[in-house]
Each structure stands twice: as C-alpha cells, then as structure tokens.
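Participant: how does the following fold in three dimensions:
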Amino acid sequence: MKGEDDLVRRAKGGDIEAFAELFLIHKDRVYNIIYRMIGNVQDAEDLTQETFLKAFIGIKGFSFRSSFSTWLCKIAINTCVDMIRRRKFEPKELSPVIPDRRNDLEIDERVVISRRIQEAFLSLPPEYRAVLLLRDVEGLSYKEIAESLGIPIGTVRSSLYRAREMLRKRLVPYRHLWEKGG
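Facilitator: Numbering: from 1, shown residues only. As a prediction, the model looks like this:
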C-alpha cells in the first residue's frame, strides 16, 4: 500500500500526525483481533492502546520486511499473549453477542451457540487462538501468519491443524445445538 508506506516513513521520521493517521486506519482491525483473542471489551480497549503505544515507540525499528499491518498484528498478538501469561488468564464474562429477546427462541439458541463457540475458542492456548484467528477470521495467508507470529510456515500449518482439532473436540458436547435442523 503505497500511501501507507509513505505514512510509515513519515512516522519513522517522527511525524506524529502520520502515526495518528496509521492509528485511524488500523485501530478497528487491531481492536477486533485483540477482542477475539481476549473476549473482554475493557481488556481489548486497554490492550489496543498498549499495542499502539508499543508501535509508536518501536516504529523507528520497522524495516519494511513485512507490511505495516502484519507488523502491527504481531505486536497486538504478542501483547495479548503477554497479558494472558502475566495474569494466568481466565476469561471474564463475555459481552453480549446480540440483544437479549426472551420471546424469540431461535435468537436465544443462536446466542447459546455463539457463546459456546466463543468459550471453546477462548479456552485454547493463546498460540493456537492466534493462528486460528489470523487464518480463519482475518483470512491471512500462511506466510503472513508466519511473519506476524515469528514462526515457520510448517509450525503455522501444524498449529492450525491442532487448534481446529482442539476446538472441534471442545464443541462436540454442543453438537446437538446446531444439528437440530437437519
């Protein structure tokens, strides 16, 4: 992204306005990645700020070997993993997925299914969460994931396989919820 590369070069040179533009471009994606890794709004907001602070401090060392987006994603994931390890993380109460409507059983079932999937995802080791999130939610290539996480592509492939298997096994007890219709 040529325009973004120019912003990064300017930010590397100390242009705070250029970094502010980069923040505006990437803040929603970074927040969404962090929220999906952590499952808590307050922590996601705090870690998003921490991610951009780390990026601001470290931007002079950005070398253009990967995209700025990939570099920023790596900082976000590492910030999440650090917090999880630091706190011996147990997910806090999840934010509501959709509005609560007690009269609509179909919506209530979707809420239950969504929560079970989110709980199973949050119970995965953080490294597996990261690989699964970056591939299946963010749509990154194996190469981009490897760059973001600083691991070999073979490790990405094996971790993704293990993460999917762990998630599948954790969701088996709830299989009846989504197989009702067919």
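
Participant: leaving out the residues flanking it, which one is nearest to the spatially most central residue of the chain?
Facilitator: Centroid check for the chain by CA atoms, centre = their mean gives Ile33 as the closest residue, at 2.5 Å. In this structure, Ile33 finds its nearest non-sequential neighbour in Ala76, 5.3 Å apart by CB to CB, 6 or more residues apart in numbering. Backbone N, C-alpha and C define where each C-beta goes, glycine included.

Participant: report the buried residues of the helix or strand where Val81 lies.
Facilitator: Val81 is part of helix 68-87 when elements are defined by DSSP states H and E. Within helix 68-87, the residues that qualify as buried are 68-81, 83-84, counting by 16 or more other CB atoms under 10 Å.

Participant: which outside residues touch the helix or strand where Leu22 lies?
Facilitator: Using DSSP H and E, Leu22 sits in helix 16-38. With contact meaning CB atoms under 8 Å, 6 or more residues apart in numbering, helix 16-38 is reached by 4, 7-8, 10-11, 41, 43-45, 47-48, 51-52, 55-56, 59, 68-69, 72-73, 76-77, 79-80, 83-84, 89, 91, 121-122, 126, 129-130, 133-134, 137-138.

Participant: repeat that with 6 Å
Facilitator: By CB atoms under 6 Å, 6 or more residues apart in numbering, the surrounding residues in contact with helix 16-38 are 7, 10-11, 44, 47-48, 51-52, 56, 72, 76, 80, 129, 133.

Participant: show me the contacts for the residue nearest to Ile33.
Facilitator: Taking CB under 6 Å, 6+ apart, we find Ala76 in contact with Val30, Ile33, Ile34, Thr51.

Participant: and Ser66, how far is that from Ala146?
Facilitator: Going from Ser66 to Ala146 by CB to CB, to the nearest Å gives 10 Å.

Participant: no, scratch that, I was asking about Cys73
Facilitator: 12 Å.

Participant: for Thr51, same thing?
Facilitator: According to CB to CB, Thr51 and Ala146 sit 20 Å apart.

Participant: between the two, which has more neighbouring residues?
Facilitator: When neighbours are counted by other CB atoms under 10 Å, Thr51 and Ala146 differ, and Thr51 comes out ahead with 25 against 21.
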